[in-house]
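Trainee: Okay, sequence plus prediction incoming.
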Amino acid sequence: MEYIKMKVLSLFDGMSCGQIALQRLGIDVEKYVASEIDKYAISVAKKNFPNMIHVGDVRDVKVAEHFDLIMFGSPCQGFSFAGKNLDFDDSRSKLFFEAVRILEEAKTINPNVKFLMENVRMKKESEQVITDYLGVEPIAINSRIFSAQSRYRLYWTNLEVGEIPQDKGIVLKDILEDEVDPKYLAGDKLLKNYRGGNQLNPDYKSQANTIHDTEKKGPTICAGTHGYAIGYVPSFSKDGLCHIGDADLKGHDAIKRVYHIDGKSPTLTTMGGGHREPKIMQGKAWRKLTPLECERLQTVPDNYTNHVSNTQRYKMIGNGWTIDTICHLLGSLDNKK
């Protein structure tokens, strides 16, 4: 059986998550051309895929050859509900139209070119604009079904996509490192709400104040005047997160949240310092997730990003794609002739 070597164009390529997915699927790629401007992301991509070709800013890309697949996830900051909701009034959001231009150029050479676009949840009006330009309805997938991270994204593609599978049941405790550098642990001043181990309030010692492990026997049930006498058993959101308390930090409420390791992680962001990394309760203290653990949340190979600074690692991992989700979406690709 003869195999066709695919030619791929990736826009806003970042650390080249699309290429990881193609490799994981066993797709033979003859040529992988990437548009990216972040020097750290380019460095990581080139280290892992030295034969790829970088072509710089997406606004300078002109298609003059055959491509079998075009992948892109145009900047999401303008669309994100976590941002200012500027939508297409944000200059970064307008880069979507550069991707549309490039896709149309590619179609003049290969009318059957396949494409995949990823972006965040957004206003329906903006979602409809993208749908109208691409001519396909978005597929909504929460990557929690493939990983220990709740990450809801929209995908537009002209590929056939199989039925969304059941959640694999992967949770935070499944992706944690065995040993963690002390620098990821919270200092004493940040443990104010959690001194005393698994006590919700260190100054109030009682069964009702205790967080109980869901995998161990529960406490003896007794009469309680306030309805809390059986102790605190963590509860989980519909997306599988278990927020068990807040760290004593300054800033937005979201960066203070500490999560139970029997649940999922919140969505990774570009982080960028300021205690924005996801936090977990482990043992008697809380700590932030390491870059390696964040790679695992995105189902990226271990230490894929390890030759740049932690700041840059967190940023590009948060900007990236969940690889196993992309594998599901690209699963119908076939390079057999």
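Mentor: Sure thing, it's come through.
Trainee: how about low-confidence regions in the protein?
Mentor: 1-4, 75-93, 187-234, 272-274, 335-337 (pLDDT under 70).
Trainee: how does it divide into domains?
Mentor: Under the assignment automatic domain parsing, the domains of the chain span 6-166+321-329, 178-289.
Trainee: JSON lines for these, including distance to V308 and mean neighbour count?
Mentor: For the C-beta atoms, the positions are set from N, CA and C on the backbone; glycine is no exception. Output for the domains of the chain, formatted as JSON lines (distance: least, Cβ to Cβ, whole Å; neighbours: other Cβ atoms under 10 Å):
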{"stretch": "domain 6-166+321-329", "distance to V308": "5", "mean neighbour count": "18"}
{"stretch": "domain 178-289", "distance to V308": "14", "mean neighbour count": "15"}
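Trainee: Turn these into JSON lines, columns for distance to E295.
Mentor: Formatted as JSON lines, the domains of the chain follow (distance: least, Cβ to Cβ, whole Å):
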{"stretch": "domain 6-166+321-329", "distance to E295": "10"}
{"stretch": "domain 178-289", "distance to E295": "10"}
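Trainee: which stretch among those comes nearest H307?
Mentor: domain 6-166+321-329 (6.0 Å; Cβ to Cβ).
Trainee: related to what we said a few turns ago, for N310, which of the domains of the chain is the nearest?
Mentor: domain 178-289 (9.2 Å).
Trainee: do you know which of the domains of the chain lies nearest R296?
Mentor: For R296, the closest of the domains of the chain is domain 6-166+321-329, at 7.3 Å, according to Cβ to Cβ.
Trainee: What's the end-to-end length of the closest one?
Mentor: Start and end residues of domain 6-166+321-329 are separated by 17 Å (Cα to Cα, to the nearest Å).
Trainee: chain center to it, what's the gap?
Mentor: Chain-centre distance of domain 6-166+321-329: 14 Å, with Cα atoms, centre = their mean, to the nearest Å.
Trainee: between the domains of the chain, which gets nearest to T311?
Mentor: Closest to T311 of the domains of the chain, according to Cβ to Cβ: domain 178-289, at 6.2 Å.
Trainee: So which of the domains of the chain is nearest L172?
Mentor: Of all the domains of the chain, domain 178-289 sits nearest to L172, with 4.3 Å by Cβ to Cβ.
Trainee: For the protein, which segments are assigned as helices?
Mentor: Counting by DSSP state H, one finds helices in the chain at the ranges 17-25, 39-48, 95-109, 124-134, 253-256, 291-297, 310-319, 323-329.
Trainee: can you redo these as CSV with distance to K238?
Mentor: As requested, the helices of the chain are arranged in CSV below (distance: least, Cβ to Cβ, whole Å):
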stretch, distance to K238
helix 17-25, 26
helix 39-48, 33
helix 95-109, 30
helix 124-134, 21
helix 253-256, 18
helix 291-297, 19
helix 310-319, 23
helix 323-329, 19
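Trainee: Of all those helices, which one is nearest S147?
Mentor: Closest among the helices of the chain, using Cβ to Cβ: helix 291-297, at 5.7 Å.
Trainee: Alpha carbons of the closest one, as CSV, please.
Mentor: Coordinates of each C-alpha in helix 291-297 appear next as CSV, following Å, rounded to 0.1, in the frame of the first residue of the first chain:
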residue,chain,number,x,y,z
PRO,A,291,5.4,23.1,34.2
LEU,A,292,5.7,19.3,33.7
GLU,A,293,2.4,18.8,35.3
CYS,A,294,0.9,21.5,33.1
GLU,A,295,2.3,19.7,30.0
ARG,A,296,0.5,16.5,31.2
LEU,A,297,-2.7,18.5,31.5
